[in-house]
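Give the three-dimensional model of this entry:
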Amino acid sequence: MSARLYINGKDVDVASGSTIFDVADELGVRVPTSCRKNGKCRECLVEIETGDDLISARVPEEEHLRGAFRLACRTRIIAESGVVRCSTLRRGKMHISEAGHTRPSRNGARFDPAVTRDGDWVILDGKPLVRTEGPLHGVAVDLGTTTIVLRLVDLENGHVLATRSFENPQRFGGSDVMARIQYDTENKGRLLQRTLLGYLSHEIEDLPCDSATIYELLVVGNTTMRDLFFGLPVYTIGQMPYRSIVEKEMDDGERDTTAIDTTGERLRLPVFPGARVASLPLVRGHVGADMTACLLAVGFECREGTIALMDIGTNTELVVGHRGCGMSASCPAGPAFEGGSIACGMPGLEGAIESVSIAADGSISLTVIGGGPLRGICGSGLIETLGELRRTERMNGLGRFVDESERFIIDEDAGIFLSESDISELAQAKGANVAGLSVVLARYGIEFGDLDRFYLAGGFAEHLNLDAARCIGLVPDLPDERIEQIGNAAIEGVTIALCSRTARAEIEEIVRDIVHVELEMEESFFDRFVEGCQFRSFGAPGGGS
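Predicted structure coming up:
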């Protein structure tokens with residue numbers, strides 16, 4: 001007999017003493033590494049799903065890891081029989097749209113990238129960088145808590161040449177920003193930054209270009225993700241008044257922007273050594289540079305009507321306003337909408353259920369990303385399940401099953417279900433978002449029905465069934481023509497900024513004037529949160545906030 005290892009959907013019999021890394025290599029499963037399997041780069045992360053008792057104990061190189069995370073090159077199969085199941089932190093392409101959406105007003109932004117050509121010289125912001133006749137490339141990056149997206153852009157014409165996406169490998173430090181702040185503060189060596197840069201380097205090397213022709217990399221992300229990327233301490237973001245060190249420095253007059261820039265050489269990224277690696281400015285607090293990019297994507301500075309822009313995710317970010325004047329807030333939703341903290345939850349990868357419907361006879365129809373074997377259920381599938389449970393009156397407004405069962409079986413053969421505990425997690429995530437939106441609208445002096453346009457941004461929101469979302473009260477009960485799902489507006493906005501110095505300057509001025517609302521300081525927040533946890537529609541046109 002021999003043990004059997006399952007990794008990323010592939011499996012093989014393995015001899016005792018084999019490392020997970022070597023077996024993965026035999027199966028053709030790519031495990032990131034920069035140190036040739038000697039445990040120094042700490043990039044070859046795997047998550048052990050079953051069979052923890054069949055593998056070797058942790059070694060010193062793994063002391064930084066918690067829970068089920070291990071280094072593939074340090075972990076050996078030590079049993080003669082049994083099953084070990086695991087997955088890499090780079091399990092495959094995330095379910096995102098490759099093409100950009102049409103954005104109001106901003107697609108006409110002036111094309112004036114920072115990287116240009118003067119004869120055979122490459123110029124960066126008017127200064128000679130290198131003498132070469134090769135192409136000019138830039139990379140736009142959106143650093144999500146769960147998903148990283150990058151675009152390769154031809155800076156001579158603005159064309160997007162390639163889009164890549166992968167799971168954020170920092171999840172070994174926790175699934176939400178507060179957990180990662182705590183991890184980074186308690187563990188020395190900038191482990192979260194090093195791991196992210198290692199994975200990003202592999203993705204850059206896989207882009208269809210000579211990486212030495214990349215002369216600018218422009219980055220956005222929520223405040224924590226962005227600062228971790230640049231290697232800044234993030235402990236101040238996790239405590240009152242929840243500000244980045246960079247934001248504090250600007251408020252103290254020590255700098256004139258919250259944007260950051262360095263070079264590819266300093267971050268050891270595989271780009272031209274003198275390439276600029278920069279970020280867009282933050283909005284305020286936990287509302288980061290990703291929201292700045294979203295505002296740029298929707299043309300916030302020239303919108304006539306009143307809009308709400310909500311980027312739903314682990315840390316939901318929100319702006320309400322018009323013509324560049326607005327209010328912002330961050331809602332600590334947690335990872336439930338992205339499959340975290342849910343028994344059968346997972347990100348939007350192949351094998352994830354993304355759509356669920358319940359027929360009159362109780363039969364269930366499913367749509368699965370990639371059409372292959374079921375592995376779990378992602379955020380859009382979870383929302384549709386909740387919506388169907390409410391529509392068919394199998395679940396009440398408090399999130400309880402009316403038949404008093406403990407779980408709803410979605411697919412018995414695959415063991416996929418939704419429990420009342422899962423529903424509670426989703427209710428709290430929803431409640432945080434609804435309460436945040438309600439508070440900001442009240443502070444702005446309007447009601448839900450006064451919104452001319454409600455933008456839903458982010459990969460989760462892109463695949464959201466609006467009827468289900470309205471039914472359970474995740475989004476206001478507004479007509480379809482006033483709700484627009486704009487997908488990953490952050491990557492769209494940062495791509496615009498990469499191609500336009502004018503757009504960067506404009507959005508820099510806009511975000512300075514946005515008023516930030518500290519939700520935890522609002523007396524009504526808790527009551528609004530409790531109300532928002534209920535599964536019922538809200539905010540019909542003309543209704544109160």
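
Skip ahead from the worst-scoring helix or strand of the chain on mean pLDDT and say which helix or strand is next.
Using mean pLDDT, DSSP states H and E, helix 459-462 stands out as the lowest-scoring helix or strand of the chain, at a mean of 85. For helix 459-462, the succeeding helix or strand toward the C-terminus, using DSSP states H and E, is helix 466-472.

Given the following helix or strand past that following helix, what are its sheet partners and their directions?
The helix or strand immediately downstream of helix 466-472 is strand 483-487, counting by DSSP H and E. Neighbouring strands of strand 483-487 in its sheet, by DSSP bridges, are strand 453-457 (parallel).

Quick one: distance of stretch 40-49 to the chain centre.
Averaged C-alpha coordinates place stretch 40-49 at 20 Å from its chain's average position (CA atoms, centre = their mean, to the nearest Å).

who's in contact with it?
Applying CB atoms under 8 Å, 6 or more residues apart in numbering, the external contacts of stretch 40-49 come out as 7, 20-21, 24, 31-35, 37, 55, 61, 64-65, 68-73, 75, 84-89, 169, 172, 191, 194-195, 198-199. C-beta coordinates here come from the backbone N, C-alpha and C atoms, glycine included.

contacting residues around the residue nearest to the spatial centre of the chain?
For the chain, the residue nearest the mean C-alpha position is Gly144 (2.9 Å; CA atoms, centre = their mean). Contacts for Gly144 (CB under 8 Å, 6+ apart) come out as 168, 221-222, 225, 290, 313, 459, 490.

Next, the buried residues of the top helix by length along the chain.
When the chain is parsed with DSSP state H, its longest helix is helix 420-444. Using 16 or more other CB atoms under 10 Å as the test for burial, helix 420-444 gives 420, 422-444.

sorry, back to before: which strands and helices lie in contact with the least confident helix or strand of the chain?
Here helix 459-462 touches strand 483-487, going by 3 or more CB pairs under 8 Å, 6 or more residues apart in numbering; DSSP states H and E.

Which residue, other than its chain neighbours, is closest to Gly134?
Once flanking residues are discounted, Gly134 sits nearest to Thr213: 5.0 Å by CB to CB, 6 or more residues apart in numbering.

what's in contact with stretch 257-275?
124, 129-130, 139, 197, 200-201, 204-205, 211-217, 226, 230-232, 244, 246-247, 250, 276-282, 289, 508.

State the distance from Thr145 to Glu354.
According to CB to CB, to the nearest Å, Thr145 stands 20 Å off from Glu354.

ignore the last one, Glu43
Distance, Glu43 to Glu354, by CB to CB: 29 Å.

what about the two, which has more around it?
Each of Glu43 and Glu354 has its neighbours counted (other CB atoms under 10 Å); Glu43 has more, 24 against 20.

how about low-confidence regions in this protein?
1, 90-108, 540-545 (pLDDT under 70).

try 50 this time
Scanning the chain for pLDDT under 50 picks out the ranges 97-107, 542-545.

okay, now the domains of this protein?
For the chain, automatic domain parsing gives the domain ranges 3-88, 106-300.

and of these, who's closest to Ala503?
With CB to CB, the closest approach to Ala503 among those belongs to domain 106-300: 4.6 Å.

And the strands in the stretch 201-350 of the chain?
Using DSSP state E, counting those that start in this stretch, the strands of the stretch 201-350 of the chain run over 214-221, 261-263, 276-279, 307-311, 316-322, 325-331.

Turn those strands into TSV, columns for distance to Ile383 and mean neighbour count.
TSV is the format used below for the strands of the stretch 201-350 of the chain (distance: least, CB to CB, whole Å; neighbours: other CB atoms under 10 Å):
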stretch	distance to Ile383	mean neighbour count
strand 214-221	24	27
strand 261-263	38	15
strand 276-279	31	23
strand 307-311	14	26
strand 316-322	14	24
strand 325-331	16	24
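
Throw those into CSV and include distance to Gly370, thanks.
As requested, the strands of the stretch 201-350 of the chain are exported to CSV (distance: least, CB to CB, whole Å):
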stretch, distance to Gly370
strand 214-221, 27
strand 261-263, 38
strand 276-279, 33
strand 307-311, 26
strand 316-322, 27
strand 325-331, 31
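
Any idea which of the ones you listed gets closest to Asp13?
strand 214-221 (41.9 Å).

Adjacent strands (with direction) for that closest one?
strand 137-143 (parallel), strand 276-279 (parallel).

Which one of the ones you listed lies nearest to Ala308?
Going by CB to CB, the one of the strands paired with strand 214-221 nearest Ala308 is strand 137-143, 20.6 Å.

Now do the closest one: distance to the chain's middle.
Here strand 137-143 is found 15 Å from its chain centre; the criterion is CA atoms, centre = their mean.

Also stretch 420-440?
Distance, centroid of stretch 420-440 to centroid of chain: 18 Å (CA atoms, centre = their mean).

can you dump the C-alpha coordinates of that stretch into CSV?
The C-alpha trace of stretch 420-440 is given here as CSV (Å, rounded to 0.1, in the frame of the first residue of the first chain):
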residue,chain,number,x,y,z
GLU,A,420,-27.4,28.5,10.0
SER,A,421,-23.9,29.4,11.3
ASP,A,422,-22.9,30.3,7.7
ILE,A,423,-26.0,32.4,7.4
SER,A,424,-25.1,34.2,10.6
GLU,A,425,-21.7,35.1,9.1
LEU,A,426,-23.3,36.3,5.9
ALA,A,427,-25.9,38.3,7.9
GLN,A,428,-23.1,40.1,9.8
ALA,A,429,-21.2,40.9,6.6
LYS,A,430,-24.4,42.2,5.1
GLY,A,431,-25.3,44.2,8.2
ALA,A,432,-22.0,46.0,8.2
ASN,A,433,-22.4,47.1,4.6
VAL,A,434,-26.0,48.2,5.0
ALA,A,435,-25.3,50.1,8.2
GLY,A,436,-22.3,51.8,6.6
LEU,A,437,-24.3,52.9,3.6
SER,A,438,-27.2,54.0,5.8
VAL,A,439,-25.0,56.1,8.1
VAL,A,440,-23.2,57.9,5.2
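
show me the contacts for Asn38.
Contacts for Asn38 were tallied using CB under 8 Å, 6+ apart; they are Cys73.

Assign it to helix, strand or coil.
Secondary structure, DSSP: H, G, I helix; E, B strand; the rest coil: Asn38 is coil.

follow-up on the earlier one: contacts for the least confident helix or strand of the chain?
94-97, 144, 147, 310-313, 337-338, 348, 379-380, 456, 485-488.

What helices and strands are in contact with the longest helix of the chain?
strand 307-311, strand 316-322, strand 325-331, helix 379-391, helix 525-532.

any residues touching the fourth one, and which ones?
This means helix 379-391. Contacts for helix 379-391 (CB under 8 Å, 6+ apart): 336-339, 342, 345, 348, 352-358, 366, 377, 394-395, 397, 401, 408, 410, 418, 422-423, 426, 460, 463-465, 467-469, 471-472, 474, 535.

residues touching Thr184, list them.
For the record, residue 184 is Asp, not Thr. Residues near Asp184 by CB under 8 Å, 6+ apart: 173, 190-192, 228, 233-235.

Switch those over to TSV; also include neighbour count and distance to Cys325.
TSV is the format used below for the contacts of Asp184 (neighbours: other CB atoms under 10 Å; distance: CB to CB, whole Å):
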residue	neighbour count	distance to Cys325
Gly173	23	37
Arg190	15	38
Leu191	17	41
Leu192	27	36
Leu228	27	31
Pro233	14	33
Val234	24	30
Tyr235	12	32
